[in-house]
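Enquirer: here is a sequence with its predicted model. Questions after.
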Amino acid sequence: VNGLKKYFPVKNQLGQKSAFVKAVDDVSFKLYEGKTLGLVGESGCGKSTTGRSLLRLIEPTSGSALFEGKDIFKLKGKELREARQDLQMVFQDPFSSLNPRKRIGEILEEPLKIHNLGSSAERTEKVMDILHKVGLNVDHYYRYPHEFSGGQRQRIVLARALILNPKIIVCDEPVSALDVSTQAQIVNLLRGLQEELKLTYLFIAHDISVVRHISDQIGVMYLGNIVEYADTDNIFAEPLHPYTQALLSAVPKSSPTAVRERIVLKGEIPSPLNPPSGCVFHPRCPMATELCSKEIPVNKEARPGHFVKCHLY
Ligand code: SF4
Ligand code: MG
(Lines give C-alpha, C1' and ligand atoms only; values in the text may rest on other atoms or scores of the structure.)
(Ligands and ions follow the chains in the order given, each with its own letter.)
Protein backbone atom coordinates (compact mmCIF):
# COMPACT_ATOMS: atom_id res chain seq x y z
CA VAL A 1 0.00 0.00 0.00
CA ASN A 2 1.50 3.26 -1.11
CA GLY A 3 0.58 6.77 -0.04
CA LEU A 4 -2.95 5.93 1.12
CA LYS A 5 -4.96 9.01 2.01
CA LYS A 6 -8.54 9.17 3.14
CA TYR A 7 -9.92 12.66 3.66
CA PHE A 8 -13.54 13.11 4.70
CA PRO A 9 -15.09 16.41 3.62
CA VAL A 10 -16.77 18.40 6.39
CA LYS A 11 -19.59 20.82 5.67
CA ASN A 12 -20.02 24.22 7.25
CA GLN A 13 -23.36 25.65 8.43
CA LEU A 14 -24.28 26.61 4.86
CA GLY A 15 -23.83 23.02 3.76
CA GLN A 16 -20.69 23.82 1.75
CA LYS A 17 -17.68 21.60 1.93
CA SER A 18 -15.34 23.72 3.96
CA ALA A 19 -12.59 21.46 5.29
CA PHE A 20 -11.32 17.92 5.44
CA VAL A 21 -10.81 15.45 8.22
CA LYS A 22 -7.52 13.80 7.33
CA ALA A 23 -8.40 10.40 8.78
CA VAL A 24 -5.53 8.69 6.98
CA ASP A 25 -2.74 10.88 5.71
CA ASP A 26 -0.15 9.27 3.47
CA VAL A 27 0.16 5.78 4.88
CA SER A 28 2.39 3.12 3.26
CA PHE A 29 3.02 -0.46 4.34
CA LYS A 30 3.61 -3.97 3.04
CA LEU A 31 1.62 -7.09 3.76
CA TYR A 32 3.64 -10.26 3.32
CA GLU A 33 1.90 -13.43 2.17
CA GLY A 34 0.99 -15.67 5.08
CA LYS A 35 2.10 -13.04 7.63
CA THR A 36 0.42 -10.55 9.92
CA LEU A 37 0.86 -6.83 10.12
CA GLY A 38 -0.49 -5.44 13.39
CA LEU A 39 -1.80 -1.86 13.25
CA VAL A 40 -2.02 -0.23 16.66
CA GLY A 41 -2.97 3.15 18.02
CA GLU A 42 -5.63 4.92 20.06
CA SER A 43 -9.19 5.13 18.75
CA GLY A 44 -9.61 7.67 15.99
CA CYS A 45 -6.03 7.33 14.72
CA GLY A 46 -7.14 5.95 11.34
CA LYS A 47 -6.59 2.20 11.78
CA SER A 48 -10.10 1.13 10.77
CA THR A 49 -10.22 3.66 7.96
CA THR A 50 -6.97 2.18 6.62
CA GLY A 51 -8.42 -1.35 6.73
CA ARG A 52 -11.72 -0.35 5.17
CA SER A 53 -10.00 1.61 2.41
CA LEU A 54 -7.82 -1.38 1.57
CA LEU A 55 -10.96 -3.49 1.05
CA ARG A 56 -12.73 -0.64 -0.78
CA LEU A 57 -15.53 -0.64 1.80
CA ILE A 58 -14.87 3.08 1.68
CA GLU A 59 -13.27 4.85 -1.26
CA PRO A 60 -9.68 5.96 -0.69
CA THR A 61 -8.96 9.59 -1.57
CA SER A 62 -5.62 8.69 -3.17
CA GLY A 63 -2.83 6.14 -3.13
CA SER A 64 -2.42 2.67 -4.55
CA ALA A 65 -2.63 -0.90 -3.25
CA LEU A 66 -0.90 -3.49 -5.38
CA PHE A 67 -2.22 -7.02 -5.06
CA GLU A 68 -1.35 -9.78 -7.52
CA GLY A 69 -0.27 -7.23 -10.12
CA LYS A 70 -3.39 -5.08 -9.88
CA ASP A 71 -4.14 -1.84 -8.06
CA ILE A 72 -7.07 -2.62 -5.77
CA PHE A 73 -7.91 1.09 -5.61
CA LYS A 74 -8.50 1.20 -9.37
CA LEU A 75 -10.64 -1.93 -9.78
CA LYS A 76 -14.21 -1.56 -11.00
CA GLY A 77 -17.24 -3.76 -11.65
CA LYS A 78 -16.53 -7.41 -12.24
CA GLU A 79 -12.82 -7.14 -11.39
CA LEU A 80 -13.63 -5.53 -8.06
CA ARG A 81 -16.24 -8.18 -7.27
CA GLU A 82 -13.70 -10.90 -8.01
CA ALA A 83 -11.01 -9.24 -5.89
CA ARG A 84 -13.52 -8.94 -3.03
CA GLN A 85 -13.55 -12.74 -2.73
CA ASP A 86 -9.85 -12.56 -1.86
CA LEU A 87 -10.21 -9.66 0.56
CA GLN A 88 -12.40 -10.11 3.61
CA MET A 89 -13.06 -8.30 6.85
CA VAL A 90 -13.78 -9.41 10.39
CA PHE A 91 -15.45 -6.66 12.39
CA GLN A 92 -15.08 -5.81 16.02
CA ASP A 93 -18.57 -6.41 17.29
CA PRO A 94 -19.81 -9.98 16.79
CA PHE A 95 -23.13 -8.99 18.38
CA SER A 96 -24.21 -6.47 15.79
CA SER A 97 -22.60 -7.95 12.69
CA LEU A 98 -24.76 -11.09 12.51
CA ASN A 99 -28.38 -10.91 11.34
CA PRO A 100 -30.45 -12.09 14.36
CA ARG A 101 -33.26 -13.46 12.16
CA LYS A 102 -31.09 -15.84 10.17
CA ARG A 103 -29.79 -19.25 11.08
CA ILE A 104 -26.01 -19.73 11.10
CA GLY A 105 -26.17 -21.99 8.06
CA GLU A 106 -27.97 -19.32 6.03
CA ILE A 107 -25.59 -16.59 7.20
CA LEU A 108 -22.59 -18.61 6.09
CA GLU A 109 -24.12 -19.68 2.81
CA GLU A 110 -25.05 -16.15 1.79
CA PRO A 111 -21.64 -15.04 0.40
CA LEU A 112 -21.52 -18.22 -1.73
CA LYS A 113 -24.95 -17.41 -3.15
CA ILE A 114 -24.03 -13.79 -3.81
CA HIS A 115 -20.97 -14.90 -5.76
CA ASN A 116 -22.95 -17.69 -7.43
CA LEU A 117 -20.64 -20.46 -6.25
CA GLY A 118 -21.46 -24.17 -6.21
CA SER A 119 -24.68 -26.17 -6.14
CA SER A 120 -26.90 -26.16 -3.08
CA ALA A 121 -25.36 -29.43 -1.87
CA GLU A 122 -21.82 -28.14 -2.45
CA ARG A 123 -22.59 -24.95 -0.56
CA THR A 124 -23.93 -26.90 2.43
CA GLU A 125 -20.82 -29.05 2.41
CA LYS A 126 -18.60 -25.97 2.32
CA VAL A 127 -20.49 -24.41 5.25
CA MET A 128 -20.09 -27.60 7.31
CA ASP A 129 -16.39 -27.69 6.51
CA ILE A 130 -15.88 -24.07 7.59
CA LEU A 131 -17.90 -24.59 10.80
CA HIS A 132 -15.54 -27.40 11.64
CA LYS A 133 -12.46 -25.29 10.82
CA VAL A 134 -13.46 -22.56 13.28
CA GLY A 135 -14.21 -25.05 16.05
CA LEU A 136 -18.01 -25.17 15.76
CA ASN A 137 -20.05 -28.22 14.75
CA VAL A 138 -22.87 -29.42 12.52
CA ASP A 139 -25.50 -28.80 15.25
CA HIS A 140 -24.73 -25.10 15.09
CA TYR A 141 -25.92 -24.92 11.49
CA TYR A 142 -29.57 -24.55 12.47
CA ARG A 143 -29.13 -22.20 15.42
CA TYR A 144 -29.60 -18.43 15.62
CA PRO A 145 -26.88 -15.91 16.61
CA HIS A 146 -28.47 -15.15 20.03
CA GLU A 147 -27.90 -18.75 21.08
CA PHE A 148 -24.12 -18.23 21.05
CA SER A 149 -21.60 -16.64 23.41
CA GLY A 150 -19.41 -13.71 22.29
CA GLY A 151 -16.47 -15.99 21.54
CA GLN A 152 -18.62 -18.37 19.50
CA ARG A 153 -20.13 -15.48 17.56
CA GLN A 154 -16.66 -14.27 16.73
CA ARG A 155 -15.98 -17.78 15.37
CA ILE A 156 -19.10 -17.47 13.20
CA VAL A 157 -18.00 -14.05 11.93
CA LEU A 158 -14.62 -15.58 11.12
CA ALA A 159 -16.31 -18.50 9.34
CA ARG A 160 -18.28 -16.04 7.22
CA ALA A 161 -15.04 -14.26 6.27
CA LEU A 162 -13.42 -17.59 5.36
CA ILE A 163 -16.22 -19.06 3.29
CA LEU A 164 -14.97 -17.56 0.00
CA ASN A 165 -11.37 -18.78 0.53
CA PRO A 166 -9.89 -15.29 0.87
CA LYS A 167 -6.18 -14.50 0.80
CA ILE A 168 -6.20 -11.37 2.94
CA ILE A 169 -8.33 -10.77 6.02
CA VAL A 170 -8.56 -7.41 7.72
CA CYS A 171 -9.32 -8.16 11.37
CA ASP A 172 -10.64 -4.95 12.95
CA GLU A 173 -10.36 -5.27 16.73
CA PRO A 174 -11.57 -8.88 16.48
CA VAL A 175 -11.07 -9.64 20.17
CA SER A 176 -11.63 -6.26 21.84
CA ALA A 177 -15.21 -7.10 22.90
CA LEU A 178 -14.19 -10.44 24.45
CA ASP A 179 -12.90 -11.40 27.89
CA VAL A 180 -9.20 -12.18 28.22
CA SER A 181 -9.37 -15.99 28.12
CA THR A 182 -11.69 -15.94 25.08
CA GLN A 183 -9.34 -13.41 23.43
CA ALA A 184 -6.50 -15.91 23.70
CA GLN A 185 -8.63 -18.67 22.17
CA ILE A 186 -9.62 -16.53 19.19
CA VAL A 187 -6.04 -15.31 18.64
CA ASN A 188 -4.85 -18.95 18.71
CA LEU A 189 -7.59 -19.93 16.27
CA LEU A 190 -6.56 -17.08 13.93
CA ARG A 191 -2.95 -18.24 14.07
CA GLY A 192 -3.90 -21.86 13.37
CA LEU A 193 -6.08 -20.86 10.42
CA GLN A 194 -3.32 -18.63 9.08
CA GLU A 195 -0.93 -21.54 9.04
CA GLU A 196 -3.43 -24.00 7.58
CA LEU A 197 -4.86 -21.69 4.90
CA LYS A 198 -1.80 -19.45 4.25
CA LEU A 199 -3.82 -16.38 5.18
CA THR A 200 -2.45 -12.86 5.33
CA TYR A 201 -3.79 -10.64 8.10
CA LEU A 202 -3.98 -6.95 8.73
CA PHE A 203 -4.74 -7.09 12.45
CA ILE A 204 -6.06 -3.88 13.96
CA ALA A 205 -6.09 -3.25 17.71
CA HIS A 206 -5.79 -0.39 20.19
CA ASP A 207 -3.87 -2.61 22.59
CA ILE A 208 -0.28 -3.29 21.55
CA SER A 209 -0.03 -6.32 23.85
CA VAL A 210 -2.88 -7.99 21.87
CA VAL A 211 -1.13 -7.64 18.50
CA ARG A 212 2.23 -8.77 19.88
CA HIS A 213 1.45 -12.49 19.77
CA ILE A 214 0.03 -12.56 16.30
CA SER A 215 2.01 -9.93 14.37
CA ASP A 216 5.19 -10.41 12.36
CA GLN A 217 5.39 -6.65 11.83
CA ILE A 218 3.78 -3.78 13.70
CA GLY A 219 2.76 -0.35 12.45
CA VAL A 220 2.05 2.22 15.14
CA MET A 221 -0.51 4.82 14.08
CA TYR A 222 -1.06 8.29 15.44
CA LEU A 223 -3.44 10.85 13.95
CA GLY A 224 -3.62 9.35 10.48
CA ASN A 225 0.10 8.52 10.23
CA ILE A 226 2.15 5.39 10.69
CA VAL A 227 4.80 6.84 13.00
CA GLU A 228 6.81 3.65 13.44
CA TYR A 229 6.98 0.38 11.52
CA ALA A 230 9.22 -2.63 12.18
CA ASP A 231 9.36 -6.33 12.98
CA THR A 232 7.42 -7.04 16.17
CA ASP A 233 10.51 -8.12 18.13
CA ASN A 234 12.33 -4.91 17.22
CA ILE A 235 9.38 -2.73 18.20
CA PHE A 236 9.30 -4.36 21.64
CA ALA A 237 13.08 -4.55 22.11
CA GLU A 238 13.85 -1.03 20.94
CA PRO A 239 10.88 1.25 20.34
CA LEU A 240 12.20 4.39 18.66
CA HIS A 241 9.26 6.78 18.43
CA PRO A 242 8.35 8.60 21.67
CA TYR A 243 4.69 7.63 21.10
CA THR A 244 5.54 3.92 20.80
CA GLN A 245 7.71 4.24 23.90
CA ALA A 246 4.71 5.65 25.78
CA LEU A 247 2.39 2.89 24.51
CA LEU A 248 4.86 0.20 25.56
CA SER A 249 5.47 1.75 28.95
CA ALA A 250 1.82 1.00 29.76
CA VAL A 251 2.21 -2.72 28.97
CA PRO A 252 2.86 -4.86 32.06
CA LYS A 253 6.50 -5.88 32.21
CA SER A 254 7.37 -9.39 31.10
CA SER A 255 9.95 -9.88 33.85
CA PRO A 256 10.26 -8.24 37.27
CA THR A 257 13.76 -7.00 36.45
CA ALA A 258 12.69 -5.25 33.26
CA VAL A 259 13.03 -1.52 33.79
CA ARG A 260 10.48 0.58 32.02
CA GLU A 261 9.24 3.81 33.48
CA ARG A 262 5.59 4.49 32.82
CA ILE A 263 5.35 7.44 30.44
CA VAL A 264 2.07 9.29 30.87
CA LEU A 265 1.20 11.45 27.89
CA LYS A 266 -0.27 14.86 28.51
CA GLY A 267 -3.54 15.88 26.85
CA GLU A 268 -5.80 14.10 24.39
CA ILE A 269 -5.33 13.23 20.71
CA PRO A 270 -5.98 16.46 18.79
CA SER A 271 -8.81 16.57 16.25
CA PRO A 272 -7.82 15.34 12.79
CA LEU A 273 -9.86 18.30 11.50
CA ASN A 274 -7.25 20.65 12.86
CA PRO A 275 -4.03 18.65 13.27
CA PRO A 276 -0.99 20.26 14.92
CA SER A 277 1.72 21.81 12.72
CA GLY A 278 5.02 20.01 12.15
CA CYS A 279 5.09 16.64 13.87
CA VAL A 280 1.45 15.85 14.72
CA PHE A 281 2.60 14.34 18.02
CA HIS A 282 4.49 17.44 19.21
CA PRO A 283 1.89 18.86 21.68
CA ARG A 284 2.04 15.60 23.66
CA CYS A 285 5.64 14.55 23.09
CA PRO A 286 7.98 14.56 26.08
CA MET A 287 10.99 14.91 23.75
CA ALA A 288 9.69 17.72 21.52
CA THR A 289 12.05 20.52 20.50
CA GLU A 290 11.35 23.77 18.68
CA LEU A 291 11.92 22.15 15.32
CA CYS A 292 9.11 19.67 15.99
CA SER A 293 6.31 22.22 15.80
CA LYS A 294 7.70 23.65 12.57
CA GLU A 295 8.80 20.78 10.38
CA ILE A 296 7.03 17.55 9.49
CA PRO A 297 9.45 14.66 10.11
CA VAL A 298 10.01 12.34 7.14
CA ASN A 299 9.81 8.57 7.36
CA LYS A 300 13.37 7.36 8.01
CA GLU A 301 14.85 3.88 8.06
CA ALA A 302 16.67 4.34 11.37
CA ARG A 303 17.74 0.68 11.60
CA PRO A 304 17.51 -1.94 8.82
CA GLY A 305 13.78 -2.50 8.26
CA HIS A 306 12.86 -0.22 11.16
CA PHE A 307 11.11 2.97 10.06
CA VAL A 308 10.30 5.99 12.19
CA LYS A 309 8.82 9.45 11.62
CA CYS A 310 10.64 11.57 14.18
CA HIS A 311 13.27 14.33 14.15
CA LEU A 312 15.33 12.51 16.79
CA TYR A 313 16.56 10.05 14.16
FE1 SF4 B 1 8.52 14.09 19.46
FE2 SF4 B 1 9.68 15.78 17.79
FE3 SF4 B 1 9.91 13.17 17.39
FE4 SF4 B 1 7.57 14.38 16.97
S5 SF4 B 1 9.47 14.72 15.85
S6 SF4 B 1 7.89 12.48 18.02
S7 SF4 B 1 7.60 15.91 18.60
S8 SF4 B 1 10.70 14.34 19.12
MG1 MG C 1 -11.69 1.43 14.87
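Expert: In hand now; what should we look at? Residues are numbered from 1 along each chain as shown. Ligands and ions are numbered 1, 2, ... in the order given.
Enquirer: from here on, contacts and neighbour counts on C-alpha atoms
Expert: Will do.
Enquirer: now do the SS call for the spatially most central residue of the chain.
Expert: Geometric centre of the chain, nearest residue: I204, 2.8 Å, by C-alpha atoms, centre = their mean. Taken by DSSP: H, G, I helix; E, B strand; the rest coil, the conformation at I204 corresponds to strand.
Enquirer: how near is S249 to R262?
Expert: 5 Å (C-alpha to C-alpha, to the nearest Å).
Enquirer: pLDDT below threshold where in the stretch 51-200 of the chain?
Expert: Within the stretch 51-200 of the chain, the segments meeting pLDDT under 70 span 94.
Enquirer: near ligand 1, which residues of it show up?
Expert: Contacts of the stretch 51-200 of the chain with ligand 1, taken as C-alpha under 6 Å from any ligand atom, are absent.
Enquirer: now the helices for the stretch 51-200 of the chain?
Expert: 77-86, 104-114, 120-133, 150-162, 180-197 (DSSP state H, counting those that start in this stretch).
Enquirer: where along the stretch 1-150 of the chain do the strands fall?
Expert: For the stretch 1-150 of the chain, applying DSSP state E, counting those that start in this stretch gives strands covering 2-11, 17-27, 36-40, 62-64, 66-67, 70-71, 87-90.
Enquirer: check which residues of the longest one are buried.
Expert: Buried positions in strand 17-27, judged by neighbour count with 16 or more other C-alpha atoms under 10 Å: 21-27.
Enquirer: from the residues you listed, which two are the most distant?
Expert: V21 and V27 (15.0 Å; C-alpha to C-alpha).
Enquirer: now T61: closest residue in space, sequence neighbours ignored.
Expert: Spatially, and ignoring its direct neighbours in sequence, T61 is nearest to K6 (4.8 Å; C-alpha to C-alpha, 6 or more residues apart in numbering).
Enquirer: which ones are touching the one you found?
Expert: The contact partners of K6, by C-alpha atoms under 8 Å, 6 or more residues apart in numbering, come to 22-25, 49-50, 53, 59-62.
Enquirer: can you put the residues you listed in a markdown table and add distance to L31?
Expert: Output for the contacts of K6, formatted as a markdown table (distance: C-alpha to C-alpha, whole Å):
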| residue | distance to L31 |
| --- | --- |
| K22 | 23 |
| A23 | 21 |
| V24 | 18 |
| D25 | 19 |
| T49 | 17 |
| T50 | 13 |
| S53 | 15 |
| E59 | 20 |
| P60 | 18 |
| T61 | 20 |
| S62 | 19 |
